[in-house]
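Student: next comes the sequence, and after it the predicted model I'd like to discuss.
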Amino acid sequence: GGSEATTFGPETYVDVRVPVDFPGDLTLARGTRIVQPVNGSKFNYRVDLSVAGDLTVEEGAIIDATACGYSSNVGHGPNNLGLGTANSYGGSHGGLSRGTDTAVCYGSITEPDEPGAGCRSTGGVQLNGGGVVRLRVTGATRVDGRIAADGKSHTYMGGAGGSVFLRTGSISGSGRISAD
């Protein structure tokens with residue numbers, strides 16, 4: 001690992017609005033939650049971390065961009081890519097959602113870096129897409145907790161999953177990484 005270690009202790013909450021560089025190892029202890037603000041109608045925010053050493057996400061810790069993508073009724077860019085045409089159609093992103101016949105997929109499958117589209121909804125239910133987690137780790141990454149960029153779902157519809165991009169020397173652990 002790197003020469004300078006950073007540990008976020010139990011029950012630490014970190015709201016990330018700009019890219020952050022860690023000069024050594026980074027450990028997220030149980031109860032740590034790193035989040036990004038909701039993007040809403042415009043893509044402004046992502047969790048963007050560079051770690052010069054090893055990254056450890058302990059059990060019970062999370063890097064969380066769940067429901068931090070585009071808001072309900074908002075898709076990507078000026079043409080609202082990923083947004084279905086009918087009420088209650090889920091948002092699309094890297095693939096089509098259930099029931100979506102006209103939503104256009106967008107983003108990269110090799111270097112994902114876009115939030116998920118929100119769900120087309122007129123019922124007042126906020127079903128945002130997932131946000132963006134971008135991690136560059138020089139050393140090893142161990143995930144026993146969670147890294148999530150999931151869209152918010154409700155019954156049979158929901159916002160599209162966002163993006164998780166992880167470049168690392170190696171990966172291990174028993175946790176979960178998702179952008180559902």
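Tutor: Great, that's in hand.
Student: can you pull up the most central residue in the chain?
Tutor: Central residue of the chain (CA atoms, centre = their mean): A149, 2.5 Å from the mean position.
Student: find the nearest non-adjacent residue to it, please.
Tutor: Leaving aside its sequence neighbours, A149 sits nearest to G162 (CB to CB, 6 or more residues apart in numbering; 3.6 Å). Yep, even glycine has a C-beta here, placed from its N, CA and C like the rest.
Student: repeat for E59
Tutor: D144 (4.4 Å).
Student: contacting residues around the residue nearest to the centre of the chain?
Tutor: By CB atoms under 8 Å, 6 or more residues apart in numbering, A149 lies in contact with 65-66, 68-69, 116, 130-133, 161-164, 178-179.
Student: one more time with 10 Å, if that's ok
Tutor: 36, 46-47, 63-69, 93, 112, 115-116, 129-134, 161-165, 177-180 (CB atoms under 10 Å, 6 or more residues apart in numbering).
Student: only whichever of those are buried, select them in ChimeraX.
Tutor: Selection of buried members from the contacts of A149 for ChimeraX, criterion 16 or more other CB atoms under 10 Å:
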select :36,46,47,63,64,65,66,67,68,69,93,112,115,116,129,130,131,132,133,134,161,162,163,164,165,177,179
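Student: restricted to strands, list the contacts of A149.
Tutor: Among these, DSSP state E puts 47, 63-64, 132-134, 163-165, 177-178 in strands.
Student: just give me the closest of those to G53.
Tutor: Distance to G53, by CB to CB, is smallest for I63 among the ones in strands among the contacts of A149, at 16.5 Å.
Student: test my guess that that closest one contacts V20.
Tutor: No - the pair I63 and V20 fails to qualify as a contact (CB atoms under 10 Å) at a distance of 11.7 Å.
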